[in-house]
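Student: with the input below, show me the fold.
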Amino acid sequence: MSENTTSPNNLKSAVSRLTEMLSALRYPQYRRFWSGHMASIVGLQMYWVAQGWLIYDITGEPLALGYVGIASSAPSILLSLVGGVLADKVDQRRLIVSAELAASVFLALLATLVVLDRVEVWHILAIAFANGAIRAFNQPARQSLFPYLIDRKDMMNAVAVNNLAWEGTRPIAPALGGVVIALAGAGAAIYVAAAGGVVFALATLSLKVPPIPRAEGRSMWQDMGEGLHFVRENGIFAFLIGMSFFNSFFGMAYVQLVPIFAEDILDVGAAGLGLLVSASGAGSLIGTLTAASLNKFRHKGWLLIVGPVLFGGFLTLFAVSDFFALSLIAIAGAGLSNQLFMITSQTTLQMLVPDVLRGRVMGLYGLTWTLQPMGSMQAGAIATVLGAPAAVAIGGLAVAAYALAIASPNRRIRRLGEAAQEPAASGIG
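Tutor: Numbering: from 1, shown residues only. Model (predicted):
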């Protein structure tokens, strides 16, 4: 009898927890935005798989994969600040729609070249470059738009659910891309990616958004300078963007070195490599879901300190570990703790930034993550001289040291749970 009564209660409790974890989706406009966002992300991940497959199939050179990464990231690095300025000046919906449709046209062109067996390396590199440039305008607009689709009290949950679109599809979308390539060819996978962009464009076009303040009457350079000045003068923004840079440039560089650990240090081969990558993804997913449940947590400032410190600590543990089981735990812990910081950081930025500067600040924030390929290069250079463990350990210690040195002594950052309820940042030096 007790089993019959407790089982429905347990199910009801589980459903209630899940509903709370995804509470941002109860807003119809955000739900529509997120659904299109999800379609675009699934398509993008399938495109990345097809792109890598094509370039290696044509050239047979691993170095060519690096060329694609540079072609994609270079325009994003150069144009992210411009994209942020534009996101503050124009209707973000129109900017997203234009960017998604333009990217879809380029993808459809590449897919057609593949189907017609006319594709060459320069085609792949040129379209990677074009889509990297488009992404520099698309990402600040996305980040600037969604806060107007929810109530501010659900901001952290909305940021986490946004990230869930990435982390939740990461184990599935690339595999789906591989299946499509195997069954119908790379061209079909890229056509699907193009369709995902169209879906997001249509979803964005249908949104009803309240009036948003616009930056007006100044030149592009003046607007850009205003954004940089604001970040420099408001210490919390300087810390969060600086911490994001350290996480991306020094911390996430470990991703490119994992194969070395699997092959030369842990001696687990390709199967072990797959488990390490899966553990990292599982940790990131758990971290995202954990952050989604912390919407009402009042000590978010501590997450901005503890998250990077744990991330750096887990990376250092991974670097020195000779035991596969311990390495799996360390790499999963790194993924979890990094997601806790990232989501808390994005939430804090979104809560504190003035509306009229949102695009520029989020463009600058996004710039830190486009620098990750350069971080991989520096880690590769250190690994060549000192070995992969030293490269990962140095990166992890740099991340932890920055958080401890800049944030932990600052009482205002530690008490940020209350400050994040204000509409704009006060100077936190």
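Student: now Gly69: which helix or strand?
Tutor: helix 62-89 (DSSP states H and E).
Student: got the buried residues for the helix or strand just after that helix?
Tutor: Of the helices and strands lying after helix 62-89 in sequence (DSSP H and E), the nearest is helix 92-115. Of all the residues in helix 92-115, those buried under the rule 16 or more other Cβ atoms under 10 Å are 92-93, 95-104, 106-111, 113-115. All C-beta spots, glycine's among them, are computed from the backbone N, C-alpha and C.
Student: contacts for helix 92-115 next, please.
Tutor: 40, 47, 54, 86-87, 119, 123-124, 127, 130-131, 134-135, 137-138, 141-142, 144-145, 185-188, 190-191, 193-195, 197-198, 200-201, 204-205, 207, 209, 212, 359 (Cβ atoms under 8 Å, 6 or more residues apart in numbering).
Student: go on, stretch 31-50?
Tutor: By Cβ under 8 Å, 6+ apart, stretch 31-50 touches 24-25, 100, 107, 142, 145-146, 149, 161-162, 165-166, 169-170, 172-174, 176-178, 180-181, 186, 189-190, 192-197, 199-204, 206-207.
Student: let's see which of the residues you listed end up in helices.
Tutor: 100, 107, 142, 145, 161-162, 165-166, 173-174, 176-178, 180-181, 186, 189-190, 192-197, 199-204 (DSSP state H).
Student: just the buried subset of the residues you listed, please.
Tutor: Buried members of the ones in helices among the contacts of stretch 31-50, counted by 16+ other Cβ under 10 Å: 100, 107, 142, 145, 161-162, 165-166, 173-174, 176-177, 180-181, 186, 189-190, 192-197, 199-201, 203-204.
Student: shaky segments in the protein?
Tutor: For the chain, the stretches with pLDDT under 70 are 1-20, 62-63, 65, 215-217, 295, 408, 410, 414-429.
Student: report the buried members of the contacts of helix 92-115.
Tutor: Listed as buried from the contacts of helix 92-115 are 40, 47, 54, 86-87, 119, 123-124, 127, 130-131, 134-135, 137-138, 141-142, 144-145, 185-188, 190-191, 193-195, 197-198, 200-201, 204, 207, 212, 359; burial here means 16+ other Cβ under 10 Å.
Student: can you spell out the domain ranges of the protein, please?
Tutor: According to automatic domain parsing, the chain comprises the domains 23-207, 220-429.
Student: okay, how far is it across the first one, tip to tip?
Tutor: By that I understand domain 23-207. 19 Å (Cα to Cα, to the nearest Å).
Student: which residues in the stretch 301-429 of the chain form helices?
Tutor: Using DSSP state H, counting those that start in this stretch, the helices found in the stretch 301-429 of the chain span residues 324-352, 358-370, 372-386, 388-402, 411-414, 416-419.
Student: distance to Ser293 for the ones you listed - can I get that in TSV?
Tutor: Converted to TSV, the helices of the stretch 301-429 of the chain look like this (distance: least, Cβ to Cβ, whole Å):
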stretch	distance to Ser293
helix 324-352	11
helix 358-370	24
helix 372-386	28
helix 388-402	24
helix 411-414	22
helix 416-419	15
